[in-house]
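In: Let's see this in three dimensions:
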Amino acid sequence: MPTNDSDIQIQARRILDAIAFIPFEQCQPLTRGFESIPARPGIYAIRHRTDGLLYIGKTKSLRGRFSGGHKAFLWAWLDKYSDEDIGIAVQTISHA
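Out: All right, here's what the predicted structure looks like:
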């Protein structure tokens with residue numbers, strides 16, 4: 001557990017680096033119910049198989065963010081991608 005602002009910044013950088021550079025093959029696939037995504041606070045990244053990182057954010061409920069209709073899925077740039085080419089990387093955190 002971080003004890004000061006410097007520790008929090010170090011922990012945040014580690015999480016962001018880990019999630020931003022996770023290989024596409026390790027991302028969660030898109031599903032209607034997002035059952036494989038935890039219903040916990042966390043940081044998430046939406047990745048494309050070849051185009052890489054598309055979006056990164058944080059939420060109080062990872063599963064709720066997506067099952068409730070995440071705005072990124074409505075954006076025009078996602079319309080051109082096949083759902084098999086989009087994955088979600090998640091990292092749970094103690095609080096958002």
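
In: residue boundaries of the strands in the protein?
Out: Applying DSSP state E to the chain gives strands spanning 28-29, 42-48, 52-59, 86-92.

In: contacting residues around the first one?
Out: Contact with strand 28-29 is made by 34, 36-37, 84, 87-90, as judged by C-beta atoms under 8 Å, 6 or more residues apart in numbering. Any C-beta I mention is one placed from the backbone N, CA and C, and that applies to glycine too.

In: try 10 Å this time
Out: 34-38, 44, 47, 62, 66, 83-84, 86-90 (C-beta atoms under 10 Å, 6 or more residues apart in numbering).

In: Can you find the helix or strand of this structure with the lowest average pLDDT?
Out: Least confident helix or strand, the chain: helix 76-79 with a mean of 60, by mean pLDDT, DSSP states H and E.

In: give me the low-pLDDT residue ranges for this protein?
Out: Scanning the chain for pLDDT under 70 picks out 1-3, 69-79, 95-96.

In: Counting by contacts, list what the longest helix along it packs against.
Out: Longest helix of the chain, by residue count under DSSP state H: helix 5-20. Helix 5-20 sits against strand 42-48, strand 52-59, strand 86-92, with contacts defined as 3 or more C-beta pairs under 10 Å, 6 or more residues apart in numbering; DSSP states H and E.

In: highest average neighbour count across the ones you listed?
Out: Stretch with highest mean neighbour count among those: strand 42-48 (a mean of 22; mean count of other C-beta atoms under 10 Å).
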